[in-house]
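Asks: Fold the following and give me the result.
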Amino acid sequence: QVQLVESGGGSVQAGGSLSLSCAASGPTNWRKCMAWFRQAPGKEREGVARISPTYGNKYYADSVKGRFTISQDNAKNTVYLQMNSLKPEDTAMYYCAAGIWVDVTCEAKFWGQGTQVTVSS
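Replies: I've put the predicted structure just below:
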């Protein structure tokens with residue numbers, strides 16, 4: 001069983017920055033990919049960014065390219081999401097996920113509890 005513990009998030013004004021962290025534990029065979037998803041009220045959950053802990057490959061949603069950066073510290077089993085130039089439309093509950101690759105998509109098998117990000121205009 002993979003466990004994911006998120007931290008960070010909060011409230012910020014538009015143009016500001018926030019950083020999220022996700023500490024992972026458990027079997028590495030279920031942590032072939034690590035990803036951040038988000039879900040805004042009334043909307044479907046969407047993938048934001050994903051990374052291969054082994055190879056470092058990174059992928060981003062078009063809506064966050066150039067503003068968000070996913071990174072990892074394998075020694076700490078932690079994945080980060082640095083969010084810059086935040087917009088009100090980035091407001092959502094952000095979830096860390098661990099899973100397996102299906103082509104270049106991260107199929108999430110385990111989820112964190114979520115952390116709220118609120119961006120005010």
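
Asks: ok, residues contacting the longest strand anywhere in the chain?
Replies: Identified as the longest strand of the chain according to DSSP state E is strand 92-102. With contacts defined as C-beta atoms under 8 Å, 6 or more residues apart in numbering, strand 92-102 is touched by 2, 4, 6, 9, 20, 22, 24, 26, 30-40, 43, 45, 48, 52, 79, 81, 106-112, 114-117. C-beta here means a position set from N, CA and C on the backbone, and glycine is covered the same way.

Asks: out of the residues you listed, which are buried?
Replies: Using 16 or more other C-beta atoms under 10 Å as the burial test, the contacts of strand 92-102 include 2, 4, 6, 9, 20, 22, 24, 30-38, 48, 52, 79, 81, 106, 108, 110-112, 114-115, 117 as buried.

Asks: what kind of secondary structure is the spatially most central residue of the chain in?
Replies: For the chain, W36 is the residue whose C-alpha lies nearest the centre (C-alpha atoms, centre = their mean; 2.0 Å). Judged by DSSP: H, G, I helix; E, B strand; the rest coil, the three-state class of W36 is strand.

Asks: Retrieve the pLDDT associated with it.
Replies: Per-residue confidence at W36 stands at 98 (pLDDT).

Asks: Count the neighbours of V104 for me.
Replies: V104 is flanked by 10 other residues according to other C-beta atoms under 10 Å.

Asks: Quick check: it touching Y59?
Replies: Yes: contact criterion C-beta atoms under 8 Å: V104 and Y59 qualify, at 5.9 Å.
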